[in-house]
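Pasting a predicted model and its sequence here:
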Amino acid sequence: MKVRILVRLKPGVLDPQGRAVHHSLGSLGFAGVEDVRIGRMIEMDVADGTSDEVLNKMCEQLLANMVIEDFAIEKLDGQKEPA
């Protein structure tokens with residue numbers, strides 16, 4: 001089973017990368033961008049039937065820093081990846 005985990009900084013946590021991208025977009029003439037937050041995406045192939053509890057534990061113990069980050073788990077169920 002293919003799983004996608006999206007990790008983002010919690011609201012209120014300073015995001016220096018997002019700030020830099022926001023500034024650069026403005027410098028390049030892209031108007032209307034109000035805020036930018038940078039996160040990361042992790043894709044994993046796990047055994048069919050891996051429980052939500054196990055996936056949550058993976059995120060809480062290793063993949064996300066629970067002090068400053070939130071995560072969301074998507075099960076892709078054999079969907080084709082975009083080209």
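Arrived safely, thanks for sending.

Show the residue spans covered by the helices in the protein.
16-27, 52-58 (DSSP state H).

thought Val7 was touching Leu62?
No - in this structure Val7 lies outside contact range of Leu62 using Cβ atoms under 8 Å: 11.0 Å. In short, each C-beta sits where N, CA and C put it, glycine included.

the more surrounded of those two?
Shown here are Val7 and Leu62; by other Cβ atoms under 10 Å, Val7 has more neighbours (16 against 8).

need the helices of the chain in TSV with mean neighbour count, mean pLDDT and distance to Lys75, can you?
Converted to TSV, these look like this (neighbours: other Cβ atoms under 10 Å; pLDDT from 0 to 100; distance: least, Cβ to Cβ, whole Å):
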stretch	mean neighbour count	mean pLDDT	distance to Lys75
helix 16-27	13	97	27
helix 52-58	13	97	9
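
Could you dump those into a markdown table and include distance to Val36?
As requested, the helices of the chain are exported to a markdown table (distance: least, Cβ to Cβ, whole Å):
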| stretch | distance to Val36 |
| --- | --- |
| helix 16-27 | 4 |
| helix 52-58 | 28 |
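
need the contact list for the residue lying closest to Asp77 once chain neighbours are set aside.
Residue nearest to Asp77 in three dimensions, not counting chain neighbours: Met1, with 7.1 Å by Cβ to Cβ, 6 or more residues apart in numbering. For Met1, the contact set (Cβ atoms under 8 Å, 6 or more residues apart in numbering) comprises Asp45, Val46, Ala47, Asp48, Gly49, Thr50, Lys75, Leu76, Asp77.

gap between Met1 and Ser27?
43 Å (Cβ to Cβ, to the nearest Å).

same deal with Ile5?
Counting by Cβ to Cβ, the gap from Ile5 to Ser27 is 32 Å.

again, but for Asp15
Counting by Cβ to Cβ - Asp15 and Ser27 are separated by 18 Å.
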